[in-house]
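Undergrad: curious how this folds, go ahead:
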Amino acid sequence: MNKPTRQVGYFLSSQYFSDGLRTTLAILLPSLVLAQFDHLTTGMAMSLGALSVSLSDAPGPVMHRRNGMLATVLSTVLVTLLTGFARLNDYTLAAEILVVSFVFSMLAVYGTRATSVGSGAILIMILMMERPLDAVGVVKESGLILAGGLWYTSISLLASRLQPYRLAQQTLGQCIHEVAKFLLVKAEFYTLSTQLDTDYRHLVSQQVAVSEKQDAVREVLFKSRRFVAETTRTGRLLVLTFVDIVDLYEQMVAMYYDYEALRNRFSHTKVLPMIAGQIRQLANELDHIGLAVQSPVAVPDRPDFDLTPQLETLKQAIDELGDREGSTLVLKKILINLRNLGQRISTIRGNMKAPASVLAKENDDLEFGRFVSHQEIDFKSIRNNLTFTSSVFRHALRLSLALLAGFVLTRLLDYGHHSYWVLLTISVILKPAFSLTRQRNFERIGGTLAGGIVGALILTFVDNRSVQIGFMILFMIGAYSAQRVNYIVMVFFLTPYILILFNFLGVNYLGVVEERFLDTLMGGLLSLVAGYVLFPRWESDQLQQPMRDTLRANLRYVQVLLDCLTSRTPSLVDYKLARKEVYVSSANLSAALDRMLSEPKRKQRNEKLIYEFVVLNHILSANVATLTSDLLNEPSKTYPPPVQRPVRRAIVSLTDSLYRLGEPRSGSSDAPVTEIAQAPPPSDDMQLSEHLSFVQQVSSDINKIVERIKGV
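TA: Purely as a prediction, here's the structure:
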C-alpha cells in the first residue's frame with residue numbers, strides 16, 4: 001500500500017470521518033423524514049437540537065460522553081425557552097446575551113467537554129434570536145430541540161454499544177500514526193539537506209501532536225472499566241499495544257546525538273543517508289500498524305518485517321570506515337538503537353496476530369488510574385476563577401462583551417436578514433489566546449470566501465435538485481468530519497452546504513453569499529479587536545508557568561536517574577509517571593511558545609531564548625531517558641560518589657533555575673547537594689560518567705538560559 005492510499009485509508013477509518021457520518025445522519029434524517037409530511041420546520045428544529053448536542057460528543061469514556069450530551073440537552077432546552085421570551089424585547093435579549101454567554105463560557109474551568117456543553121448552549125441562543133415565535137411556539141420549539149438532542153444522544157450511545165472497541169481502536173491508530181510521523185522527523189536529522197534548527201522546530205511541534213494523541217488514548221482506555229479490567233483479547237491487545245507504543249516513543253526520544261558533530265564528521269560518507277533511509281522504513285512499518293489497528297476491516301497482510309539485511313549492510317559500511325574518521329562508536333550506538341526499534345516494532349506487530357493466551361497480563365500492575373487526571377465538578381472551581389487572574393474569567397467576560405457589541409451593531413445597522421451570523425462568527429472565532437483568534441479569523445474568512453464561490457458555482461450550473469442534495473450531503477460530511485481537526489476545511493465545506501440549504505428554502509443564494517461574507521468580516525473584525533483590547537493575556541506574560549512545569553518534570557526525571565544510581569530503584573509506575581509528566585509538560589510549553597510566536601511581534605519577549613530553553617530541555621529528557629532505561633534493565637547497585645556527582649550537580653542547577661523562575665523556595669531540597677570530594681570515577685564506569693557529565697552540562701546550560709531570560 002503506497003503512502004497516498006494509506007493516508008486515504010487513515011481518513012476513511014478515522015474517528016473524524018465516522019463522527020462526520022454520524023453527525024450528518026443525525027442532523028439530516030429528522031428534516032428529510034418530516035419534510036415528506038410537510039413538516040420541514042419541525043424537522044429542522046430537531047436537527048438543530050442534534051447539531052448542538054454533537055458538539056459535546058467528543059471522544060472519551062462512554063459515561064463521560066453520555067453525561068456531556070445529556071447536560072447539553074438540558075442546557076439547550078433551558079436556553080431555548082429563555083431566548084424565545086427574551087427576544088421579544090431588545091433590552092432583555094441584550095441582557096440575556098451578556099449573562100448566558102458569560103455563564104456558559106465559565107464552564108471551561110471544568111475541561112474541554114464542559115466547554116463544548118457551553119458552546120452548544122451559546123449556539124442555540126444565537127440561532128434562536130431571530131426565530132419569529134409566539135409563546136406557544138417557544139415551548140414547542142424547546143420540545144423539538146429536546147427531541148433532537150435525545151435523538152442524537154441515542155444514536156451515539158447505540159453506536160458505542162454496537163461497536164464498544166471502535167473508538168479506542170481509532171484513537172490508538174491515530175496515536176500510532178503521529179508517533180510514526182515523529183520518527184520521520186528524527187530521520188531528517190541524518191539528512192544533510194535539512195537545517196538542524198528547522199529539524200528541531202519540527203521535532204518540538206510533532207511532540208505536541210504525539211502528546212495530545214497519547215492523552216486522548218489514556219482518556220479512552222484508562223477511564224473506562226471496560227479496558228482497565230479487560231479480559232477479552234481485543235481489549236487486552238489495545239492496552240498492551242498502547243503501553244508498547246509509549247515505550248517505543250520513549251526509545252525514539254532517547255535517540256539523541258550531537259547531530260552537528262555527526263554531520264561534520266560523516267557527511268562525506270554514505271552512512272548518514274543509510275541511517276535516514278532505515279529510520280524511514282521503520283516509520284513506514286509503524287504507520288501500517290497504526291492503520292491496521294484503526295481500520296474496521298482487515299488490512300492486506302504484509303510480509304514479515306525484517307530489517308536485518310539493511311542493518312547488516314549499515315554495519316558493514318560502519319566497519320569499512322575503520323579508523324579513517326576517528327571513533328565510530330556513536331554510529332555503532334545508532335545501529336544498536338535501530339535494531340532495538342525494529343525488534344520492538346516487530347513485537348508490536350506480532351502481538352496483533354497472537355492468540356489471547358499469549359497476551360499475558362504483564363501490565364496489570366501499572367495502576368492505570370494514576371495516568372489520567374480527574375476533574376471534580378463543584379461550584380468552588382467557578383468561584384475560585386471569578387478573578388482577573390483567571391484566563392477563563394477573562395475570556396468569558398471578553399466573549400460576552402464582544403457578543404453584546406455584535407448584537408448592538410446589527411441592531412443599529414439593520415443591513416440583513418441573518419445578522420445573527422455576526423454573533424455566530426464571534427462565538428467560534430474568539431478564543432482565549434489572541435494567536436488562536438487571529439488564526440481562526442483568517443481561516444474563517446478564507447474558508448467562507450472559497451466555499452461561497454464553490455457553492456455559487458454549483459447552484460448556478462447544476463439545476464438538478466437531486467444532484468444538489470448529493471453535493472449538500474457530501475459537504476455536510478466534509479464539514480462535520482473536519483470540525484475537530486481542521487477548521488478552515490470545515491468552514492470551506494460548511495459554506496456551500498448552507499448556501500444549498502438556503503436555496504432549497506427559497507432564499508436567493510447570491511444574496512446569502514454576499515451577506516454571509518460581510519457578516520464574517522464584521523464578526524472577525526470584532527473578534528480581533530476584542531482579543532487585542534479586552535483583558536488580553538499575552539503568552540509572553542504566562543510562559544513562566546509552563547517553563548516551571550517543564551523544569552519541575554525534568555527535575556523529577558533526573559531524581560529518578562539519581563535513585564537508580566543509589567540503588568533506590570523506583571517502581572515501574574513511578575518511573576512511567578515521571579516520564580509521562582516530562583512529555584506532557586514539554587508539549588504544553590512547546591504549544592505555548594507556538595502561540596506566542598503567532599502574536600503581534602511587539603508582544604513577544606525572549607522568543608529565541610525560550611526556544612533554546614525548549615530544545616535544551618528536550619535534549620536533557622532524551623539523555624535522562626537513555627540512561628534511566630539502561631539502568632533499570634541492569635541489576636540494582638549503588639554507584640560510587642564520583643559517578644553520582646554530575647547528577648547531583650544537575651539537580652542543583654535545575655533547582656536553581658526553578659527558583660529564578662519564581663518557584664517558592666522550600667525549607668529542604670529533594671536531593672542532597674553537598675559537594676563530594678574530587679576523585680576520578682572507576683574505569684568501568686568511565687563511559688557512564690561521561691554521559692552523566694553531559695546531563696550536568698545541559699542542566700547548567702538551562703540555568704544560564706533562565707538567567708539570561710530573567711536578566712533581559
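Undergrad: please, which helix or strand holds the spatially most central residue of the chain?
TA: The centroid of the chain falls nearest to residue 212 when counting by CA atoms, centre = their mean (3.4 Å). Residue 212 is part of helix 196-222, with elements assigned from DSSP states H and E.
Undergrad: for that helix, name the packing helices and strands.
TA: With contacts taken as 3 or more CB pairs under 8 Å, 6 or more residues apart in numbering; DSSP states H and E, helix 196-222 sits against helix 166-188, helix 225-228, helix 233-254, helix 259-266, helix 572-597, helix 607-632. C-beta coordinates here come from the backbone N, C-alpha and C atoms, glycine included.
Undergrad: closest to residue 527 out of those helices?
TA: Proximity to residue 527 (CB to CB) singles out helix 572-597 among these, at 16.1 Å.
Undergrad: so what angle separates the directions of the closest one and helix 607-632?
TA: 170 degrees (axes from the mean of the first three to the mean of the last three CA atoms, to 10 degrees).
Undergrad: what about the residue nearest to residue 436 when sequence neighbours are not counted, how many residues close to it?
TA: Once flanking residues are discounted, residue 436 sits nearest to residue 595: 6.8 Å by CB to CB, 6 or more residues apart in numbering. For residue 595, the neighbour count with other CB atoms under 10 Å is 21.
Undergrad: quick check: residue 595 touching residue 435?
TA: Yes: shown here, residue 595 and residue 435 form a contact pair, counting by CB atoms under 8 Å, at 4.3 Å.
Undergrad: overlap in contacts, the two.
TA: Jointly contacting residue 595 and residue 435 under the rule CB atoms under 8 Å, 6 or more residues apart in numbering are residue 539.
Undergrad: measure residue 614 to residue 702 for me?
TA: Taking CB to CB, to the nearest Å as the measure, residue 614 falls 10 Å from residue 702.
Undergrad: now residue 603
TA: According to CB to CB, residue 603 stands 25 Å off from residue 702.
Undergrad: ok, these two, which is more surrounded?
TA: Neighbours were counted for residue 603 and for residue 702 using other CB under 10 Å; residue 702 has more, 25 against 15.
Undergrad: okay, that one: pLDDT?
TA: Residue 702 is assigned 93 on the pLDDT scale.
Undergrad: the nearest residue in space to it that is not next to it in sequence: what's it in contact with?
TA: In this structure, residue 702 finds its nearest non-sequential neighbour in residue 616, 5.0 Å apart by CB to CB, 6+ apart. Listed by CB under 8 Å, 6+ apart, the contact set of residue 616 reads 698, 701-702, 705.
Undergrad: next one: stretch 633-640 to chain centre, how far?
TA: How far stretch 633-640 lies from its chain's middle: 38 Å, per CA atoms, centre = their mean, to the nearest Å.
Undergrad: what is the mean pLDDT for stretch 637-657?
TA: For stretch 637-657, the mean pLDDT works out to 89.
Undergrad: quick one on the thing from earlier: ok, and the most crowded of the contacts of residue 616?
TA: That'd be residue 702 among these, by other CB under 10 Å, with 25 neighbours.
Undergrad: between helix 607-632 and the host helix or strand of that residue, find me the angle.
TA: Residue 702 belongs to helix 686-711 when assigned by DSSP H and E. Here the directions of helix 686-711 and helix 607-632 differ by 150 degrees (the same axes, to 10 degrees).
Undergrad: in helix 686-711, which residues are buried?
TA: Neighbour-count burial for helix 686-711 flags 688-689, 692-696, 698-703, 705-706, 709 (criterion: 16 or more other CB atoms under 10 Å).
Undergrad: same thing with stretch 632-645?
TA: Neighbour-count burial for stretch 632-645, with 16+ other CB under 10 Å as criterion, is recorded at 639, 642-645.
Undergrad: same check, this time on stretch 389-402
TA: Buried positions in stretch 389-402, judged by neighbour count with 16+ other CB under 10 Å: 390-402.
Undergrad: same thing with stretch 24-44?
TA: Buried-residue list, stretch 24-44, by 16+ other CB under 10 Å: 24-31, 34, 40, 42-44.
Undergrad: over to stretch 536-544?
TA: Buried residues in stretch 536-544, counted by 16+ other CB under 10 Å: 536-540, 543-544.
Undergrad: what's the end-to-end length of it?
TA: 17 Å (CA to CA, to the nearest Å).
Undergrad: check the average confidence over that stretch, would you?
TA: Stretch 536-544 comes out at a mean pLDDT of 84.
Undergrad: what does stretch 474-491 give?
TA: Stretch 474-491 shows a mean pLDDT of 90.
Undergrad: give me the residues contacting it.
TA: Outside stretch 474-491, the residues that reach it (CB under 8 Å, 6+ apart) are 16-17, 19-21, 23-24, 27-28, 54, 58, 440, 443-444, 446-448, 451, 492-494, 496-497, 500.
Undergrad: okay, and the helix or strand of the chain with the least pLDDT?
TA: Using mean pLDDT, DSSP states H and E, helix 225-228 stands out as the lowest-scoring helix or strand of the chain, at a mean of 58.
Undergrad: hang on, residue 408 packs against residue 97?
TA: No: with contact defined as CB under 8 Å, residue 408 does not count as touching residue 97 (9.6 Å).
Undergrad: comparing these two, which shows the higher neighbour count?
TA: With neighbours defined as other CB under 10 Å, residue 408 and residue 97 compare such that residue 97 has more, 25 against 13.
Undergrad: what's around residue 89, how many residues?
TA: Neighbours of residue 89 under the rule other CB under 10 Å: 10.
Undergrad: can you report phi and psi for it?
TA: With angles defined as degrees, to the nearest 10, residue 89 sits at phi -140, psi 130.
Undergrad: how close does it sit to residue 98?
TA: For residue 89, the distance to residue 98 - CB to CB - is 14 Å.
Undergrad: again, but for residue 695
TA: 54 Å.
Undergrad: now swap in residue 4 and tell me
TA: 50 Å.
Undergrad: got a list of what residue 26 touches?
TA: Listed by CB under 8 Å, 6+ apart, the contact set of residue 26 reads 50, 54, 151-152, 155-156.
Undergrad: check which helix or strand it maps to.
TA: With DSSP H and E as the test, residue 26 turns up in helix 15-35.
Undergrad: run through who's touching the helix or strand following that helix.
TA: Later in the chain than helix 15-35, the nearest helix or strand by DSSP H and E is helix 40-54. Contact partners of helix 40-54, identified using CB under 8 Å, 6+ apart, comprise 23, 26-28, 30-35, 69, 72-73, 76, 120-121, 123-124, 127, 141, 144-153, 480.
Undergrad: and those, which of them are buried?
TA: Buried among those by 16+ other CB under 10 Å: 23, 26-28, 30-31, 34, 69, 72-73, 76, 120-121, 123-124, 127, 141, 144-153, 480.
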